[in-house]
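Predicted model, plus sequence, below.
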Amino acid sequence: MRLLLLGPGKTGSLVAEVARERGHQSRIIDVDVNRDGAWLTPEHLRDFDVVIDFTSPEAVLANIEACMRAKKAMVVGTTGWYGEMARIRKAVEQSGTGFVFAANFSYGVNLFFQVMKAAAPALTHGYSGHITEIHHIHKKDAPSGTAVAMQRVLEQAVGVRLDISAEREGEVTGTHTLELDAAGDRIVLTHEAKSRRTFAEGAVLAAEWIVGKTGFYDFKDIFGQL
C-alpha cells in the first residue's frame, strides 16, 4: 500500500515508521508545499492508496476537500473541524470514496469509550460528572477532540452533556479523565497515553481497513474490526 502523509510532525513521523514496519511505502508532504491543499491534485494523488492527515485545524478542511475532489480515501487524525462534520460527510458520500476520522486512533482510548458508555447510566442515578483533559503546551485546540468525543459518547448514551476542563502542561502526550461523583462514592476513569506511537498504529490500521471501501466512518465504531 502507498500512503501519503500530511503533517511532518511527531505523529506523522511515527506513522511513516509504523507503515514501513508493516510493509507499506509512504511519503510525507510538508505544509509549505501543500498550503491550502494546493498540492493535492488528482495527478499527484493518482499513485497513492490512502491519504493520512495529522496536520492542524487550520489546514485540515482544505486537505479533506481536495482529497474528496480527487476521490481519494482518507484517514484523518486532526481535530478541530467537527463543526463542519455534516458538510464533510456529504462531500465524502458524493465523492464515492472512503473516509475514517478519529479524535484518537489509540485502541486503548476507544476501549475506554466503551467502558465510559457502560458507566454512563450513573449520570441518571444521582451521580454528577466532569471530564478533564491534559495535553502538552503545543496543542492548538482546546478542549481536545478526544474530550469532545467523550462528551458525545455520554450524551448519546444517557442524554447528559458534561462540562470539560482543558489543561496544558509541559510535554504531556494526553490524559483524559471522567469523574462520576455521588454522596456515597466516587468513580474515576482515566486513560493516559504514554506515547504517540499508539495513535500512529491505529491510523495505519485504519488506512489498511478503508482501502476498497466507501463511506464515512468514526474509528470508534470500526476499531473492533481491525
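On my side now, so go ahead. Numbering: from 1, shown residues only.

Where does the residue located most distally from the centre of the chain fall, secondary structure wise?
The centre of the chain is farthest from one residue, residue 184, which by Cα atoms, centre = their mean lies 35.9 Å away. For residue 184, there is no helix or strand it lies in under DSSP states H and E.

same deal with residue 157?
Using DSSP H and E, the element containing residue 157 is helix 145-158.

tell me what whichever helix or strand comes after that helix is packed against?
Next helix or strand after helix 145-158 toward the C-terminus (DSSP H and E): strand 164-168. Applying 3 or more Cβ pairs under 8 Å, 6 or more residues apart in numbering; DSSP states H and E, we find strand 164-168 packed against strand 128-135, helix 145-158. C-beta here means a position set from N, CA and C on the backbone, and glycine is covered the same way.

so what are the domain limits for this structure?
For the chain, the structural domains run 2-105+197-225, 107-192, going by automatic domain parsing.

Of the ones you listed, flag the one that's most buried.
Highest mean neighbour count among those (mean count of other Cβ atoms under 10 Å): domain 2-105+197-225, with a mean of 19.

what about it, how long is it end to end?
Using Cα to Cα, to the nearest Å, the end-to-end distance of domain 2-105+197-225 comes out at 22 Å.

Same check on stretch 203-219?
End-to-end for stretch 203-219, by Cα to Cα: 9 Å.

got the contact list for residue 219?
Neighbour list for residue 219: 100, 101, 102, 104, 105, 110, 202, 206 [criterion: Cβ atoms under 8 Å, 6 or more residues apart in numbering].
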